[in-house]
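Colleague: coords please:
(chains A and B, ligands or ions: 4)
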Amino acid sequence: MSVSTRTPEAPTTPGTETGTPATGVAVPGTAAPPAGRAYTVGRAGDVPPGEGRAFVAGDVQVAVFRLRDGSLHATQAACPHAGGPLADGQTDADVLVCPLHLYAYRWSDGSSTGGAGPLQRYPVREVDGLLVVDV
Amino acid sequence: MGPGVADSRVLGGRPEGLTSITLDDDLDPRARLVVVGNGMAGARFVEEVLERGGGEQFRITVFGDEPHGNYNRIMLSPVLAGESHEDEIVLNSHDWYADNGVTLRAGVRVERLDTAAKLVHAADGTGTPYDHLVLATGSYSFIPPVNGVRREDGDLLPGVYGFRTIDETREMLAATSRCRKAVVMGGGLLGLEAARALQGHGMQVELVHAMPHLMNAQLDAEAGAILKKSVESLGIGVHLDSLASEVLGSEHVEGVLLEDGRRLDCDLLVVAAGVRPHTDVAVRSGLEVERGIVVDDQLRTDDPDVYAIGECAQHRGSVYGLVAPAWEHATVLADVLTGTDPTAEYLGSRTATKLKVAGVDVATMGVNSPERDDDEFLVISEPKRGVHMSVVIRDDRLVGATLLGDTRKVAYLTQAFDRGSPLPEERIRLLVDLTDGKEEVGVADMPADSQVCNCNGVTKGAICGAVADGCGSVGAVMDRTRAGKGCGSCTSLVKQVVEWAADGDVAEDPAASYYVPGIPLAKPALMAAIREQDLRSVSAVFAALAPGGAEDAKSKMGLTSLLKTVWGVDLVPEKDGEFINDRVHANIQRDGTFSVVPQIKGGVTTPAQLKRIAEVAEKYEVPMVKITGGQRLDLLGVRKEDLPAVWDDLGMPSGYAYGKSFRTVKTCVGSDFCRFGLGDSTQLGIDLETRFQGIESPAKMKLAVVGCPRNCAEAYVKDVGVVAIGNGRWEVYVGGAAGASVRKGDLLATVDSPEAVIELTGRFLQYYRENANWLERTYDFVPRVGLERIRQVLLEDAEGIVADLDAGMQASIDAYRDPWGQDAREPATPGQFRSSLPLIPLPQVPVR
Ligand code: SRM
Ligand SMILES: Cc1cc2nc3c(=O)[nH]c(=O)nc-3n(C[C@H](O)[C@H](O)[C@H](O)COP(=O)(O)OP(=O)(O)OC[C@H]3O[C@@H](n4cnc5c(N)ncnc54)[C@H](O)[C@@H]3O)c2cc1C
Ligand code: SF4
Ligand code: FES
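Modeller: Numbers count the residues shown, from 1 in each chain, chains lettered A, B, ... in the order given. Ligands and ions are numbered 1, 2, ... in the order given. Here you go, the predicted structure:
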C-alpha cells in the first residue's frame, strides 16, 4: 500500500541550491553518500529560534527547526500531505504546523494530529556551531 | 491542493512499507471473521464488533474493492462542491485497521465465496478461509442502457461518470476545470446534489429527469413543482418527463439527445439514475438474491454463516439506499455475532432523507401523502417563498412529513416520527413555532434512546451520558460521541440536547470564547493582561498567560496580530510568531512559491507602473499575471528567493494581499468621469487606502467607495463601503461581505464630507480591531455587537472611548512601514528568503 503525494519520488534537480551552505562547510569524515551518514548542512546560526530552514544533506532535502526551548529537530522538507514547504511552518514544543493546510505533526513520533503523514524525522545535533543531520 | 493532482492518492492511506499484514497463524484460536466490502456498513460493523470486545473473539479481515481507507460516502457531495476537503471525510485510515489488528485487503475485489469450503476467492487469486462471512458490498450507480453511453469495450464514454466513489468524485472535480457544460441524468437526491456541486464550479448545468417531478421518490407532485422552481432559481436547467435517447460523442461525450428530439450539449455527463445493489458475489456464490441479497431478521442469508448488511441486503422485501439502516444492520449483526445479544433482531427502518444542497432545504420522512381515509393531512404551501410543508398523521402518530424551503422543525419532527411520540393537539404546532422555547420542550420530551445524530447513530442518552461524564461543552461532547460529525445537519439539535442535559449552565465552549486556543482568555481580558504586564512579544505572552507557559503554534499568528494592534512600533518582533505569509510579506501558493500583489491605491494605476510590473513579470518569469478581484495585479508563482529582488525592481509598496490586515479600497471612476457620478469616489478611495494601508486586524478589511448608488465597485458588500449620494453627502456602510457569506452592509451613518468619512472609518476599524475575535470578519462582528450599539459607541461616544479609538488608530498608522521597502534591503532573520524545498524546481504551478 503506497501513498503518492506531490513530492517527487526523486529530486528532479540534484545538488544544492545556491546559498545553501550544505557544501560550504564540510566536516572531516562526513563525505558523500551512502545514506545513514552524518552531513553537516549548515551553521547553527542559520536556523533562528522558533523557525525552520531547509537544507540538503547528501541528496536529501531536510527541514531543520530550532524550537523556542532551544532544541533542534529535523524532518523531511516536503509535507506528507501535499508537499507543502514544512520549513515555512510554525512550531511549538509539541508540533510542527504545515503552512499549506495546517496539518500538525508531532515531534515525538512524526504522527499527524489530523490523519495525514506520518512525517519522516532525522537525528540532528549541533557540533562546534555546525548543524549535523543523519540521513 | 487541486483536484487532478491528488488523483492517485490513497485516501486515509499509509506510506510505503507501513502496511501490516497479520499472518493467518493456525495456532490462533480466534474464529475467522471476513467482511467483504469496506464501505460505510462494512467498516461500521467492524467498529461495532471491536467495541464489543470482538478483537479477542475474531481474526478480522476486510476486503475492499476501493484502495482507500473507509470514508464517509455521504460527504462526497460537499467534496464535489469543493466545500469539504477529501481528507476531512476519512472515517478509518489504513492506520486504524492496523492499530486494531484488522487485516485490510484494500484494492482487492472478491470474486465469489465457496460456501462449502468456506473460502473467499479474491481477484488477486488468493483464497481466504472464513468462519463467519459478512457481505457489505453496497450498491453501484445504475447506468441506463442508452445508445452511446458506453464504448465498444463496455467502458463508459470518457466524460460520463457515475457518482458513487471518491475516485469518480476526483475525476469529476478534475473535469470541472476543463469543462463548461454538464448534464446530470436523474432528478433524485444524488442528481440534485451533483448538479448543484458542479454548478458551484461555474459550470452550466442541465438536469434531465425521466419522471414528471423532482425527487419523486420522496415528494408529491405539488412539492416537486415548488422544488423545481427553487432549483431553477439557482440557475440549473430542469427538464422533466425527459428520457435520454442517445449520448453523443465518439472520443468524449459531446451531448445528450432527448427522446423529444432536443439536444443538450455538454462535456460532462453525470448519471445519477438510481443505484443497484452489488449482488454479483452473492449470485456467483449461489446465495438467494432477489433485488438484493435476501436476509432474515438477523441479517443472515440462506447460508447460516454468511450475512449481508447495508445497501446490498434485502430485508422483508425492502432494500435501503441510506446509511442509517446500514448502521442499524451493523449494530444488530455485531450483537448477534459477538454474542453480546444473541437474540438481537433487525425489524426494518423508518427512513428519513435530507437534501444537502445549499439554498434548497428539503427534508422528508415516511409517506408524503395520506393513504387511508382517516389519515390526517396538514399542508402549508407557499409557492412564492418556495416553502412547502406537510405532515401525515395516522392514529395520532406522525407517519410522514415533508419540509421544503423551511426545515427548522426537522429535528422535532424526526423525533416524533422515529419514536411515534405524542403529538400536540394543535397539529399546526408540528410545522410552526407558535410560542418560543418549543424546541427545548421537544428536547426534554425526547426519550433517552431516540437518535439525535443519524449519521453516527448517537442517541440523546449517549449525549447526556457524555455530559454526565463531565464533557462540559458542545465541542467536547461532539468529540466524545461523534455526534454531529457526519453530515452535520444535526449539530443544532446536539447543542440543544447538551444544553438541556447540562441543565442550562452549558459551559459555553470555553475555548470558543478564547481569542486564541492557546491562551484561556477572551480578547478584552487578554488585551488588559498584555497591557498591565507589559507583554510585548509572543513568547512573553505564552510565558505569562498560557497554562504552564506552554506555547501553541496555532495561537501565534493571532497573538502577533493582537500585539501589533496593542503596541504598534513598540512591539518586540518575533518572526516565528508570524504566519509564513507575514514573514515574507507574500501569499504562499500550493507549490511553495508566492504571490506578489503591489499596492495599486483605489485600483488606479499608471502606464509607468504597468511597464514596471510587466518588466518584473518577464525578468522573473512570473507564471501568471492576474487582474484580481480587488482591482489590482497579482504576480503569482514567484520564488521565495526572488521576492526581495522583485520588490526592489517593482519599487512599489506592498498591497498586503497576504495579511489579516487592511487590504484594498475598490473604487469606481466617480464624478470625474462617470456621467452619473455624485462624488469623487476615486480620490476618496485613494485617500482611505493611503491612510489605513497595511493596518493589521483580526481579519481582512476590504473597503470600497462608489460615486453613486449604482454601486459599481460593490461598496454595499464590503467591510466598510462608502456611497456618494449627492450634495457632498456620503453613506458609510459596515459589515458587508461578498465572500464565503454574502451580506449587505448596515448603514452606519450618512456624513457630509470626505474628511468625515475617513474619520468615521478610522473609528469603526479601530473599534473592530480592538473588539473582534481573531478571524472574525466584520460581517460577523457587526451583527454580533449590534448596529445600534456600534452607533452609540461611535456616533454618540456612549462609552467615552472615541478619543482613544482615534489615538489607537493614529498610533498604528504612525507605526506603518512598508515591509517590502524594509526587508528587501536586509533580511529580518537569517535565511528569511531561503528556499524551503531546495531540491524541487519551482515554480511547479502551471505557467500561463
Ligand atoms: C487573488 C484573489 C483572487 C483573484 O484572482 O481575484 C484572491 C485570492 C485569494 N483569496 Fe480572496 N482573493 C481575492 C479577492 C477576494 C475577494 C474580492 C474582493 O476582495 O473584493 C473576496 C470576497 C470579499 C471578502 O473578502 O470576503 C475574497 C474572499 C476570500 C475569502 C473568504 C473570506 C471570508 O471571510 O468570507 C478567503 C478565505 C479566507 O480569507 O479565509 C480568501 C482567500 C484567498 C487566498 C488568500 C487563499 C488563501 O488563503 O491563500 C487567495 C490567495 C491567492 C494569492 O496568493 O493571491 N479570499 N477574495 C483576489 C485578490 C484581491 C486583491 O487584490 O487583494
Ligand atoms: C454522493 C452520495 C451522497 C449520499 N448522501 C447520503 C445522505 O445524505 N444520507 C444518507 O443516508 N445516505 C446518503 N448516501 C448513501 C450512503 O452513502 C449509502 O447508503 C451507504 O454508503 C451504504 O453503505 P454500504 O456499506 O452498504 O455501501 P458502500 O458504502 O457503497 O460500501 C460498499 C463497499 O463495498 C465495496 N465492494 C463492492 N463489491 C465488492 C467486492 N466484490 N469485493 C470487495 N469490495 C467490494 C465497494 O467498493 C464499496 O467500497 C449518499 C451516497 C452518495 C454516493
Ligand atoms: S482565489 Fe479565492 S476563490 Fe479562488 S480558489 Fe483561491 S480562495 Fe478560492
Ligand atoms: S501540504 Fe502540508 S498540510 Fe497540506
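Colleague: pLDDT weak spots in the chain?
Modeller: In the absence of a named chain, this looks at chain A. A:1-35, A:114-115 (pLDDT under 70).
Colleague: Actually, chain B is the one I wanted.
Modeller: Using pLDDT under 70, the flagged stretches of chain B are B:1-7, B:14-26, B:433-442, B:485-489, B:504-510.
Colleague: ok and the residue in chain B nearest chain A?
Modeller: Taking CB to the nearest CB, chain A has its nearest neighbour within chain B at B:Asp576, 2.7 Å off. Glycine gets a C-beta too; all of them are placed from N, C-alpha and C.
Colleague: Report the secondary structure state of that residue.
Modeller: Under the three-state scheme (DSSP: H, G, I helix; E, B strand; the rest coil), B:Asp576 adopts helix.
Colleague: Relative to ligand 2, how far out is it?
Modeller: 42 Å (CB to the nearest ligand atom, to the nearest Å).
Colleague: For chain A, just list every one of the strands.
Modeller: If DSSP state E is used as the criterion, the strands of chain A fall at A:38-43, A:52-57, A:60-66, A:72-76, A:90-91, A:95-97, A:104-106, A:121-122, A:124-127, A:130-134.
Colleague: Tell me which strands the second one pairs with, and in which orientation.
Modeller: Same thing as strand A:52-57. Sheet pairing here is set by DSSP bridges, and for strand A:52-57 it gives strand A:60-66 (antiparallel).
Colleague: which residues sit against the partner strand?
Modeller: Outside strand A:60-66, the residues that touch it by CB atoms under 8 Å, 6 or more residues apart in numbering or on different chains are A:11, A:35, A:41-42, A:47-56, A:72-78, A:85-87, A:91, A:96, A:122, A:124, A:131, A:133, A:135, B:836-840.
Colleague: ok so, going back, how about the contacts made by the residue of chain B closest to chain A?
Modeller: A:Pro48, A:Pro49, A:Gly50, A:Glu51, A:Arg68, A:Gln90, A:Thr91, B:Val538, B:Lys556 are the contacts of B:Asp576 under CB under 8 Å, 6+ apart.
Colleague: returning to what we had before: pick the most buried one from the strands of chain A.
Modeller: Of all the strands of chain A, strand A:52-57 has the most neighbours on average by mean count of other CB atoms under 10 Å in any protein chain shown, namely a mean of 28.
Colleague: Give me the contact list for the longest helix along chain B.
Modeller: Secondary structure of chain B per DSSP state H: the longest helix is helix B:754-771. Residues from elsewhere that reach helix B:754-771 (CB under 8 Å, 6+ apart): B:523-524, B:527, B:565, B:662, B:679-680, B:683-684, B:687-688, B:691-692, B:695-698, B:701, B:703, B:719-720, B:722, B:730, B:732, B:734, B:748-749, B:751, B:778, B:781, B:785, B:790, B:793-794, B:802, B:805-806, B:808-809, B:812.
Colleague: what angle sits between the helix or strand just after it and helix B:754-771?
Modeller: Later in the chain than helix B:754-771, the nearest helix or strand by DSSP states H and E is helix B:778-785. Compare the direction of helix B:778-785 with that of helix B:754-771 by axes from the mean of the first three to the mean of the last three CA atoms, to 10 degrees and you get 80 degrees.
Colleague: what angle do the next helix-or-strand element following helix B:778-785 and helix B:754-771 make?
Modeller: The C-terminal neighbour of helix B:778-785 among helices and strands, as given by DSSP H and E, is helix B:787-795. Interaxial angle of helix B:787-795 relative to helix B:754-771 (the same axes, to 10 degrees): 120 degrees.
Colleague: Report the buried residues of stretch B:123-140.
Modeller: The neighbour-count check on stretch B:123-140 (16 or more other CB atoms under 10 Å in any protein chain shown) flags B:Thr128, B:Tyr130, B:His132, B:Leu133, B:Val134, B:Leu135, B:Ala136, B:Thr137, B:Gly138, B:Ser139, B:Tyr140 as buried.
Colleague: Just the closest of those residues to ligand 2, please.
Modeller: Nearest to ligand 2 among the buried residues of stretch B:123-140: B:Gly138, at 2.3 Å, using CB to the nearest ligand atom.
Colleague: that older thread, reformat the strands of chain A as TSV; add distance to B:Val205.
Modeller: Formatted as TSV, the strands of chain A follow (distance: least, CB to CB, whole Å):
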stretch	distance to B:Val205
strand A:38-43	53
strand A:52-57	44
strand A:60-66	44
strand A:72-76	42
strand A:90-91	40
strand A:95-97	38
strand A:104-106	38
strand A:121-122	47
strand A:124-127	53
strand A:130-134	53
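Colleague: Of those strands, give the one that comes closest to B:Ile393.
Modeller: Of all the strands of chain A, strand A:104-106 sits nearest to B:Ile393, with 51.3 Å by CB to CB.
Colleague: can you tell if that closest one touches ligand 4?
Modeller: No: counting by CB under 6 Å from any ligand atom, ligand 4 has no neighbours in strand A:104-106; the shortest distance is 8.8 Å.
Colleague: Before I go, just wanted to say thanks for your time.
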